[in-house]
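J.: Return atomic coordinates for the entry below.
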Amino acid sequence: MPARTQKPVSKPCGACSDEVPSPQVRQPRKKALVNRVRRIEGQVGGIMQMIESDRYCVDILTQISAVKSALDGVAVEILSSHTSGCVRDAIEEDGGAEKISELMGIVRKLMR
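T.: Here you go, the predicted structure:
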């Protein structure tokens, strides 16, 4: 279950004074997530090299599809952690209407 902490609020200008700080969450499998994202980063670099070396379009598109799938896997893992930690805690605390709404908003974005 992720541990929630608040970021320190820094206000660089008066225009930002109404901003609410975004909560920080310690990911329970942070090292594994970082490793997965680094592998994805390497795949993206490979796509760049493929484009620069004029590789066949279908090969490039296949690699793009693999990167999208890998990112979806990372998103699902983070979404699962968020649901079983932050959302569950909010439901137990106050019914969680706001967190459920936030969750559904991000699920809609991920499904696009």
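
J.: can you map out the strands along the protein?
T.: For the chain, strands defined by DSSP state E occupy the ranges 3-6, 23-26.

J.: Compare those strands and say which comes out lowest on pLDDT.
T.: Lowest mean pLDDT within these: strand 3-6, at a mean of 50.

J.: where does the protein dip in pLDDT?
T.: 1-20 (pLDDT under 70).

J.: can we see that at 50?
T.: 6-17 (pLDDT under 50).

J.: so what's Glu98 up against?
T.: By C-beta atoms under 8 Å, 6 or more residues apart in numbering, the residues touching Glu98 are Ala90. Any C-beta I mention is one placed from the backbone N, CA and C, and that applies to glycine too.

J.: Look up how far Thr83 lies from it.
T.: 14 Å (C-beta to C-beta, to the nearest Å).

J.: Give me the nearest residue to the residue nearest to the spatial centre of the chain, chain neighbours excluded.
T.: In the chain, the residue lying closest to the centroid (C-alpha atoms, centre = their mean) is Ala75, at 5.3 Å. Leaving aside its chain neighbours, Ala75 sits nearest to Leu110 (5.7 Å; criterion: C-beta to C-beta, 6 or more residues apart in numbering).

J.: Next, the contact list for that neighbour, please.
T.: Residues near Leu110 by C-beta under 8 Å, 6+ apart: Asp72, Ala75, Leu79.

J.: Val87 touches Lys99, doesn't it?
T.: Yes. Val87 lies in contact with Lys99 (C-beta atoms under 8 Å); the separation is 4.8 Å.

J.: about what we covered before: mind listing which of the contacts of Leu110 are in helices?
T.: Of the contacts of Leu110, the ones assigned to helices by DSSP state H are Asp72, Ala75, Leu79.

J.: what's around the last one, how many residues?
T.: When you say that, I think you mean Leu79. Residues within reach of Leu79, counting by other C-beta atoms under 10 Å, total 15.

J.: Just to check, it is in contact with Ile106?
T.: Yes. Leu79 lies in contact with Ile106 (C-beta under 8 Å); the separation is 7.2 Å.

J.: how much distance is there from stretch 83-91 to the middle of the chain?
T.: 17 Å (C-alpha atoms, centre = their mean, to the nearest Å).
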